[in-house]
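# The following block contains a protein sequence and its predicted model.
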Amino acid sequence: MNYLPSDTAFHVVDDKEKQAFFVNREVFVSQDIHDREQRRIFDRSWIYLGHASEIKNPGDYHTRPVAGRPVIFCRDRQGEVHALLNSCRHRGASVCRERNGNTRQFYCMYHGWTYNTDGSIKQIPGEEAYPPSFDRAQMGLTPVPRLESYRDFYFVSFDRDIVDLKTYLAGAADYIDLVVDQSPSGRMEIISGVQEYDVKGNWKLMVENSVDDYHLLATHSTWLNYMRNSGVNIQPPKGSGLLLPTKGFGKDLGNGHLTTDNPNFRGRPVAKWISVYGEEAKADIDTMRAELVKRLGEGRAARVADTNRNLSIFPNLIINDGSAVTVRFFYPIGPDRMRVTAWALGPVEETEAQRARRLYAFLTFYGPGGFATPDDVAALEAAQQGYQAYREVPWNDMSRGMAKGPDEEQLHTDEGHLRVFWRKWSSMMEKRG
Amino acid sequence: MSEAQTTNRAEFTRDNVEDLFFLEAELLDAWKLDEWLALLTPDATYYVPPNDSPNADPRHALFTIADDMLRLKERIIRLKDPNCHAEYPHSRTRRMVSNVRIKDIDGDRATATANFLVYRHRRSEPPRVFAGHYIYKLKRVGADLKIFERRAVLDAEELGALGAVSFIL
């Protein structure tokens, strides 16, 4: 059978009867689709803002673009967390032009309006010139309509009527728990050193790439060689038919969220030793493992320490809990470009040696100088270039694993979990029957 | 070579340090990576600190690159492999190294700094310009000066359009 969709206005074709699933490549190149995504997806979802550990103390702030808007993520003098639009109520200039810091106020350098760290107006120079209709109390910085957190991960939404964050996260919350459970006190922190880089590819390619384990062998053979040279077994079990050393799964977590869930072979700072860490780390990792077992029990400890999970929270947050933990979000700058922002996350209790080991492990794979991420970027950019021929070669086949019955598990090298993203994308972008 | 000349080449003079840096730039631009590695001591480290905290310590902060010699050797194996997709075909690079300064000499060790501009060219792409400065820790080894720590600090506030640091900076 050589089935390709025809005569369809839809960009996502999900044909369960024919066991076929296609995505039209126009979704990666069209300016019109890009513009509609802003309103239909980014303005109607919960979007990752930042982590509580970034603003530990009253007056701490970070400025960053969120869903295309300049946002101040801050903790006021009373300790409350805010997401304020970084735009003076007078003429719109940014009232905070630094990346991060600690402050008593936000000051607009254009006409000198000053705001408290909770966003309320503090001072307006020459205020007496305004007429009686001018309502000073209404002149505070505008907050993002919704701000909620789950286990120290803060999200905002520009949709006032969106469901609460916990409901939105659905099954993804359990996978955030697995990350946070690595900390004895349940407190993780963003580690200093942010990675911000552009990829000349559509943002949806990063969602796919982050959770698609089918690409690992071809894209990351040099990383696999590095692991092998360091003494890690990278062979799939004989006769298993697997592409990778362990049999992992792709899972639907509801609401467009999805994850891989893979037995680990590549080591975990908490708490699975591999040769890359060095012999001297063995005893320390055993101790961490024992702490996990004592606190969580054998089963849960194994779940936390022996599985790698690349979690995609719709639409644009990825938490990879693999060689280390990375929190990565991205936003389209246009249909063919995105800005990626990524951090390392670790338990607050880590000793200096444990933290150093985590950071070393992070860089074996992740980031713009890692052994794998630059090749992911190359792959995404190559795909984006290929999509220039979308009129002649319109369809991406996304049907791996589709012949399996509802009770059969989708492998991480199947595409069942990728289809979860595309079904959600389609439900928000395309009106059907 | 006479005894005098041998001693001379291992002295921490501007000329000797510049010679080392210029040779290094030439080898890296020519992708002679094994020869470049020979300019480093067997326990050397190579760092590209994070753009937002250039003075950070790699044990406490997430770097772009923080290689010990074990990983640096693996990086070079990778860079020579056609499956290193980010650098295949190899980028054409051109390095300008200037403002070489010897900051501190302590016996057989010294700290030296230099400014760099690295132009990176790939097919059908505008050139990417990596600007910044190097902080080197140098060591006198026999008749030569060797690098035992090499820190490439980028001026860019974020990597942004520079993308990845997939070659040796």
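Perfect, I can see it now.
# how about stretch A:35-42: buried residues?
Across stretch A:35-42, burial judged by 16 or more other C-beta atoms under 10 Å in any protein chain shown covers A:37, A:41-42. Bear in mind the C-beta positions are built from the backbone N, C-alpha and C, glycine included.
# possible to save those residues as CSV with pLDDT, secondary structure and distance to chain B?
Shown next, in CSV, are the buried residues of stretch A:35-42 (pLDDT from 0 to 100; DSSP: H, G, I helix; E, B strand; the rest coil; distance: C-beta to the nearest C-beta, whole Å):
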residue, pLDDT, secondary structure, distance to chain B
A:37, 98, helix, 22
A:41, 98, helix, 24
A:42, 98, helix, 21
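# Can the lengthiest helix in chain B be said to contact chain A?
Of all the segments assigned as helix in chain B under DSSP state H, the longest by residue count is helix B:14-29. No. With C-beta under 8 Å from any C-beta of the partner chain as the measure, helix B:14-29 is seen stopping short of chain A, the closest distance being 15.3 Å.
# what helices or strands is that helix leaning on?
The contact analysis (3 or more C-beta pairs under 8 Å, 6 or more residues apart in numbering or on different chains; DSSP states H and E) places helix B:14-29 against helix B:33-37, strand B:92-106, strand B:109-121, strand B:128-141, strand B:144-154.
# Using a markdown table, lay out those together with mean neighbour count.
Formatted as a markdown table, the helices and strands packed on helix B:14-29 follow (neighbours: other C-beta atoms under 10 Å in any protein chain shown):
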| stretch | mean neighbour count |
| --- | --- |
| helix B:33-37 | 16 |
| strand B:92-106 | 14 |
| strand B:109-121 | 18 |
| strand B:128-141 | 18 |
| strand B:144-154 | 19 |
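# Adding mean pLDDT and distance to residue B:9, write those out as a markdown table.
Supplementary listing: these in a markdown table, determined by pLDDT from 0 to 100; distance: least, C-beta to C-beta, whole Å:
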| stretch | mean pLDDT | distance to residue B:9 |
| --- | --- | --- |
| helix B:33-37 | 98 | 17 |
| strand B:92-106 | 98 | 15 |
| strand B:109-121 | 98 | 14 |
| strand B:128-141 | 98 | 10 |
| strand B:144-154 | 97 | 7 |
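# I'd like to know which of those lies nearest to residue B:64.
Nearest to residue B:64, of all those, is strand B:144-154, at 8.1 Å by C-beta to C-beta.
# contacting residues around the closest one?
With contacts defined as C-beta atoms under 8 Å, 6 or more residues apart in numbering or on different chains, strand B:144-154 is touched by B:9-10, B:12, B:16-17, B:20, B:24, B:39-41, B:43-49, B:51, B:54, B:109, B:116, B:130-140, B:162, B:169.
# Kindly format the C-alpha coordinates of it as PDB.
Extracted in PDB, the C-alpha atoms of strand B:144-154 (Å, rounded to 0.1, in the frame of the first residue of the first chain):
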ATOM      1  CA  ASP B 144      58.800  24.600  25.400                       C
ATOM      2  CA  LEU B 145      55.900  26.600  26.700                       C
ATOM      3  CA  LYS B 146      52.700  24.500  27.000                       C
ATOM      4  CA  ILE B 147      49.100  25.300  27.700                       C
ATOM      5  CA  PHE B 148      47.700  23.800  30.900                       C
ATOM      6  CA  GLU B 149      44.500  25.800  31.000                       C
ATOM      7  CA  ARG B 150      42.700  27.500  28.200                       C
ATOM      8  CA  ARG B 151      39.600  29.600  28.800                       C
ATOM      9  CA  ALA B 152      37.800  31.200  25.900                       C
ATOM     10  CA  VAL B 153      35.400  33.900  27.100                       C
ATOM     11  CA  LEU B 154      32.800  35.100  24.700                       C
END
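# Give me the sheet partners of that strand and which way each runs.
Sheet pairing of strand B:144-154 (DSSP bridges) gives strand B:40-48 (parallel), strand B:128-141 (antiparallel).
# Would you mind getting the angle between that strand and helix B:14-29?
60 degrees (axes from the mean of the first three to the mean of the last three C-alpha atoms, to 10 degrees).
# Would you tell me which residues of chain B are close to chain A?
Counting by C-beta under 8 Å from any C-beta, the residues of chain B near chain A are B:48-53, B:56, B:58-66, B:70-71, B:74-75, B:77-78, B:81, B:83-87, B:157-166.
# still on that earlier bit, can you lay out the helices and strands packed on helix B:14-29 as TSV showing distance to residue A:368?
Listed next are the helices and strands packed on helix B:14-29 as TSV, based on distance: least, C-beta to C-beta, whole Å:
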stretch	distance to residue A:368
helix B:33-37	19
strand B:92-106	16
strand B:109-121	13
strand B:128-141	12
strand B:144-154	11
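# Leaving out chain neighbours, which residue sits closest to residue A:91?
Spatially, and ignoring its direct neighbours in sequence, residue A:91 is nearest to residue A:110 (5.7 Å; C-beta to C-beta, 6 or more residues apart in numbering or on different chains).
# For that neighbour, give me its contacts.
Residue A:110 makes contact with A:88, A:90-91, A:93 under the criterion C-beta under 8 Å, 6+ apart.
# did I read that right, it in a helix?
No. Applying DSSP: H, G, I helix; E, B strand; the rest coil, one finds residue A:110 to be coil, outside a helix.
# Torsion angles phi and psi at it?
Residue A:110 adopts backbone torsions of phi -80, psi -60, taken as degrees, to the nearest 10.
# roughly how far apart are it and chain B?
According to C-beta to the nearest C-beta, to the nearest Å, residue A:110 and chain B sit 22 Å apart.
# Show the pLDDT at that residue.
We have a pLDDT of 98 for residue A:110.
# Over to residue B:2?
If you check residue B:2, the pLDDT there is 47.
# What parts of the stretch 1-150 of chain A come near chain B?
So the stretch 1-150 of chain A meets chain B at residue A:99 (C-beta under 8 Å from any C-beta).
# so where do the helices sit in the stretch 1-150 of chain A?
A:31-37 (DSSP state H, counting those that start in this stretch).
# contacting residues for whatever residue of it ends up closest to chain B?
Going by C-beta to the nearest C-beta, chain B is nearest to residue A:99 of the stretch 1-150 of chain A, at 6.2 Å. Taking C-beta under 8 Å, 6+ apart, we find residue A:99 in contact with A:62-63, B:52, B:157.
# and of these, the nearest to residue A:311?
Using C-beta to C-beta, the contacts of residue A:99 come closest to residue A:311 at residue A:62, 22.4 Å.
# which ones are touching that closest one?
Each residue near residue A:62 by C-beta under 8 Å, 6+ apart is listed here: A:50, A:54-55, A:72-74, A:99-100.
# next one: residue A:183
Residue A:183 sits next to A:347-349 when contact means C-beta under 8 Å, 6+ apart.
# and it, what element?
Counting by DSSP states H and E, no helix or strand carries residue A:183.
# I'd like the distance between it and residue A:284.
16 Å (C-beta to C-beta, to the nearest Å).
# do the same with residue A:209
Separation of residue A:209 from residue A:284 (C-beta to C-beta): 33 Å.
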